[in-house]
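> prediction below, plus the sequence it came from.
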Amino acid sequence: MDVERGKAMQKNNTNNNNGESDEMSTTTVDWRGRPSNPSKHGGMRAAAFVLGVQGFEIMAIAAVGNNLITYVINEMHFPLSKAANIVTNFIGTIFLLALFGGYLSDSYLGSFWTMLIFGFVELSGFILLSVQAHVAQLKPALCNMVAQESNGKVCEEAKGIEALIFFMALYLVALGSGCVKPNMIAHGGDQFNSKQSKKLSTYFNAAYFAFSVGELVALTVLVWVQTHSGMDIGFGISAIVMAMGLICLVSGTLVYKNKRPRGSIFTPISQVLVAAFLKRNKVCPSDVKVLHGNSNSNNLHYTSYNASDSLIHTERFRFLDKACIKVEEGSSYKREGGWRLCSVTQVEQVKILISVLPIFACTIVFNTILAQLQTFSVQQGSQMNTKITKSFSIPPASLQAIPYILLLFLVPIYDKFFVPFARKFTGHDSGLSPLQRIGTGLFISTFSMVSAALMEKHRRETAVNHQKLLSIFYITPQFLIFGLSEMLTAVGLIEFFYKQSLKGMQSFLTAMTYCSYSFGFYFSSVLVTLINKVTSSSNKGWLTDNDLNKDKLDFFYWFLAALSFLNFLNYLFWAHCFSYNPSVLATSQQHVSPHDFNSSQINEDYNNNNNVAPLTYKS
C-alpha cells in the first residue's frame, strides 16, 4: 500500500513539475460533478461569463447604492446625517455579509450555486424596492426636506410599515449582493490554474474593467432614469439588469470548472487553535522535521496535488507549532485526534490568515474615504450648478461616473502596456506586486480628501459670500484621484488575498477584501457620530445641519486626509514585516524580485534528500 501510494505521489509530482493539467482535473469538476477537461472547461472563455455577471450585478447595485441617499432624504424623509448613516450601514452590511457568502461557498455550496441562490435573493430585494417606490401608500406623504425649515412644515419621517418594508427590501438586496460578490471574483479566478499566473493577473484587471463598465452605466443611464422617471422605474431597471446577470451566469454552466466544497473551513483553523492551547506548556522542538505532517520529512501522511496543499514550515508564530507536537507514551507516540494533533500545513494556513490581517486592516480607512464620495460628496454636488445646457442637468449621483470614464481607458492601458513594462524591472507577473499596488493606491487616496477639502471650502465661501453656485465640474478632481487609487488598491487587495492559495478558502479570502469595505463604511458612520459629538461640545458641530452651507464639511475632509496619510505610514510598516510562505510564493509568483516596499530577502539554504530548509520571502 505504501509503495503504491508513493508511486502515485511521485507520478503526480512529476506531472505537476512538467506543467501538465493533473492539478486542474483532480481538484475541479464540471457541472455534472465529473473531473473537468482542460480543453473544454475553464480559461478566459469561462471567466468571460463571470465577468458578465459582475458587470450586470454591479450595475444593478450601484444604481441603488450611489443614489440611495437622495431617495432616503427626499422620499423617506430621513435627516442628512441619519440618511448618510443608513447608506453607509447598508453598503457596509453588503460587504460584511460577503464573509457569510464566502463561508457558504467554500464549505457547502460552491461558488456557482451560492451565486445562483443569492442572486435571486438580491433580485427579490430590487423588486420590493421598486414596488414601495411606486405605491404612494408605502411611503410618507410628499414633502420638500430642503424647504421644510423656511415654510415651517416638518416632513414626516418614514416609520412603521413604511420603514419595515424599506429596510426589508434594502437588506434583502444586501444579503444577496453580499453573498454574490466574493464568489464572482473567486469563481472567475478558479477558471485558471497555478501555471496561468499572467492570465490570472489579466483576469483581475478585466474584472475591474467589468466593474468600471457596470458602475459607469449605473451612474449615468440608470441614475438619470431614477432622477427623471422616478425611483420606482430606476429600481425596476435594477431588477431587470440583475435578472440579465443571472441569465449570464447560467449560460456559462457547461464551460465552468467548479471546485468542490470541502466542509467547514473553520474546523481545521479551530483545531489548530485548540491543539496549540492544550499543548501550551510543551516546548517546540529544535528540529522542525519531527513535527507532525511536515512535508519536508519522510512521513508524508497525505497526497498533495497543489503547492498550497503542502505548505513548508516557517519560523513565524512558533507558538502555533505546538499543535504539531506528538505526545510520546513510552517507546511509541500516543495516538491523538484532530483536535489535539494537527499537521504543519494546517498550522501554516492559520499563520497565513494571521499574517494577512494587518494588511487587511490598513485598507479600512481607504474605504472610509470611499464612503464619503457616496454620501457627502453627492450632497456637495446637489449644492452646485448641475446644468450643462438650459435643458440638461447632471444628477449629483452621476458624479461618481467620472473616474469610471477615465478607468475605461486606463485599465486596458495599465494591463497591456504598464504591466509588461513594469514586469521587466520588478519580475512580477502583475507588473507591480499586490503589496506595491495596494500601497501606491493608499498613498494616492490621501490627495482625494485634500482635493475635496479645498473644493468644499471654495464652494461654501462662494455660495455664502457671493450667492453663486460653482459648476459641478469643480468636484471632479476628488473623484478622479480616488478612482485611480481604487484601481490600484482594490485590485491589488483581491489579487493579494486570492494568491495566498489557502486550500479551499479562495471565496472566503476574497470575501475578506469586501469585508474591508464593510468596516470602512461602518467606521465612517462612527466617525460622523463622534465628530458631531466632539465638535458640538464647544461649538456648533461640523455636520449637524442638513445644509452644507452651514456645516464645516471641509474640516471633516481635512481630518480624513490626515488619517489617510497616517494609515499609509502604518501600511508601510506592516508591508515591510509581511512574509510569504515559500510554498505560496512558488505558486503565486514565478519571478522573485527585490523591488518592493521593503527589501526582499530570500534565505535559501539547500535541498538535500527532498528536505528543504525553511526560508522567508519578504514582500
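On my side now, so go ahead.
> show me where pLDDT drops low in the stretch 51-200 of the chain?
Within the stretch 51-200 of the chain, the ranges that satisfy pLDDT under 70 run 144-153, 194.
> sorry, that was for the stretch 401-550 of the chain
500-504, 537-539, 545-547.
> so residue 231 sits against residue 71, correct?
Yes - in this structure residue 231 lies within contact range of residue 71 using Cβ atoms under 8 Å: 5.1 Å. Where C-beta positions appear, they are placed from N, C-alpha and C, glycine not excepted.
> so for these two, which residues contact both of them?
Common neighbours of residue 231 and residue 71, counting by Cβ atoms under 8 Å, 6 or more residues apart in numbering, are residue 133.
> tell me where this protein has strands.
28-29, 258-259, 328-329, 332-333, 579-580, 607-608, 611-612, 617-618 (DSSP state E).
> what about the last one, average pLDDT?
Mean per-residue pLDDT for strand 617-618: 32.
> same question, the third one
Average pLDDT, strand 328-329: 64.
> how close does residue 27 get to residue 560?
Using Cβ to Cβ, to the nearest Å, one obtains 44 Å as the distance from residue 27 to residue 560.
> neighbour-wise, which of these two wins?
The neighbour count for residue 27 versus residue 560, taken as other Cβ atoms under 10 Å, is higher for residue 560 (26 against 19).
> correct me, but the more buried one touches residue 370?
No - applying Cβ under 8 Å, one finds residue 560 not in contact with residue 370, separated by 10.8 Å.
> isn't residue 317 right up against residue 353?
No - at 10.4 Å, residue 317 and residue 353 do not qualify as touching, with contact defined as Cβ under 8 Å.
> looking at those two, which is more packed in?
Neighbours were tallied for residue 317 and for residue 353 using other Cβ under 10 Å; the higher tally belongs to residue 353 (18 against 15).
> thought the more buried one was touching residue 270?
No - applying Cβ under 8 Å, one finds residue 353 not in contact with residue 270, separated by 11.9 Å.
> residues contacting stretch 228-247, please?
For stretch 228-247, with Cβ under 8 Å, 6+ apart as the criterion, the contacting residues are 52-53, 55-57, 59-61, 63-64, 67, 71, 75, 116, 119-120, 122-123, 126-127, 129-131, 133-134, 222-223, 225-226.
> burial of residue 161, as a residue count?
As a burial measure, residue 161 scores 10 neighbours (other Cβ under 10 Å).
> also residue 165?
Residue 165 sits with 18 neighbouring residues when counted by other Cβ under 10 Å.
> for it, give me its contacts.
Neighbouring residues of residue 165 by Cβ under 8 Å, 6+ apart: 128, 132, 138.
> ok, residue 78 next?
72, 86, 157-158.
> now swap in residue 117 and tell me
By Cβ under 8 Å, 6+ apart, residue 117 lies in contact with 109, 179.
> try it again with 10 Å
For residue 117, the contacting residues are 101, 104, 109, 176, 179-180, taking Cβ atoms under 10 Å, 6 or more residues apart in numbering as the criterion.
> would you turn these into TSV with neighbour count and distance to residue 392?
Shown next, in TSV, are those (neighbours: other Cβ atoms under 10 Å; distance: Cβ to Cβ, whole Å):
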residue	neighbour count	distance to residue 392
101	31	40
104	22	45
109	20	47
176	28	34
179	29	39
180	30	35
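> want to throw those residues into a markdown table with distance to residue 344?
Compiled in a markdown table, those are given as follows (distance: Cβ to Cβ, whole Å):
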| residue | distance to residue 344 |
| --- | --- |
| 101 | 30 |
| 104 | 28 |
| 109 | 29 |
| 176 | 39 |
| 179 | 33 |
| 180 | 35 |
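> quick check, nearest of those residues to residue 506?
Within these, proximity to residue 506 (Cβ to Cβ) peaks at residue 101, which comes in at 12.5 Å.
> which one of the contacts of residue 117 is nearest to residue 488?
Once Cβ to Cβ is applied, the member of the contacts of residue 117 that ends up nearest residue 488 is residue 180, at 24.3 Å.
> measure the closest one to residue 187 for me?
When distance is defined by Cβ to Cβ, residue 180 is 10 Å away from residue 187.
> now do the shared contacts for the two.
Common contacts of residue 180 and residue 187 (Cβ under 10 Å, 6+ apart): 53-54, 111, 114-115, 249.
> out of those, what pair is the most spread apart?
Of all pairs drawn from the shared contacts of residue 180 and residue 187, the widest gap by Cβ to Cβ lies between 54 and 114 and measures 14.4 Å.
> are any of the contacts of stretch 228-247 buried, and if so which?
Buried members of the contacts of stretch 228-247, counted by 16 or more other Cβ atoms under 10 Å: 52-53, 55-57, 59-61, 63-64, 67, 71, 75, 116, 119, 122-123, 126-127, 129-131, 133, 222-223, 225-226.
> overlap in contacts of residue 560 and residue 370?
The overlap between the contact sets of residue 560 and residue 370 (Cβ under 10 Å, 6+ apart) consists of 445, 448, 524.
> what's the burial count for residue 469?
By other Cβ under 10 Å, neighbour count at residue 469 equals 14.
> list the contacts of residue 373.
Applying Cβ under 10 Å, 6+ apart, one finds that residue 373 lies in contact with 66, 380, 399-400, 403, 448-449, 452, 475, 478-479, 482-483, 486.
> gap between the nearest residue to residue 388 once chain neighbours are set aside and residue 235?
By the measure of Cβ to Cβ, 6 or more residues apart in numbering, the closest residue to residue 388 outside its immediate chain neighbours is residue 394, 6.3 Å from it. Per Cβ to Cβ, residue 394 is found 21 Å from residue 235.
> which one's more surrounded, the two?
The residue with more neighbours, out of residue 394 and residue 235, is residue 235; 28 against 22, by other Cβ under 10 Å.
> since we're on residue 428, how many residues are nearby?
For residue 428, the count of nearby residues is 25 (other Cβ under 10 Å).
> ah, wrong one, I meant residue 277
Considering only other Cβ under 10 Å, residue 277 is surrounded by 11 other residues.
> quick one: contacts for it?
In this structure, residue 277 makes contact with 319, 322-323, judged by Cβ under 10 Å, 6+ apart.
> so how far is residue 356 from it?
Between residue 277 and residue 356 the distance is 22 Å, computed by Cβ to Cβ.
> would you check which pair of the contacts of residue 117 lies furthest apart?
Farthest apart among the contacts of residue 117 by Cβ to Cβ are 109 and 176. That separation is 14.0 Å.
> the nearest residue to residue 381 once chain neighbours are set aside and residue 543: what is the separation?
Once flanking residues are discounted, residue 381 sits nearest to residue 396: 3.3 Å by Cβ to Cβ, 6+ apart. Taking Cβ to Cβ as the criterion, residue 396 is separated from residue 543 by 18 Å.
> what of residue 197?
From residue 197 over to residue 543 the distance is 46 Å, taken as Cβ to Cβ.
> which one of the two has more residues nearby?
Residue environment comparison for residue 197 versus residue 543 gives the larger neighbour count to residue 543, 22 against 19, counting by other Cβ under 10 Å.
> please consider this matter closed, and thank you.
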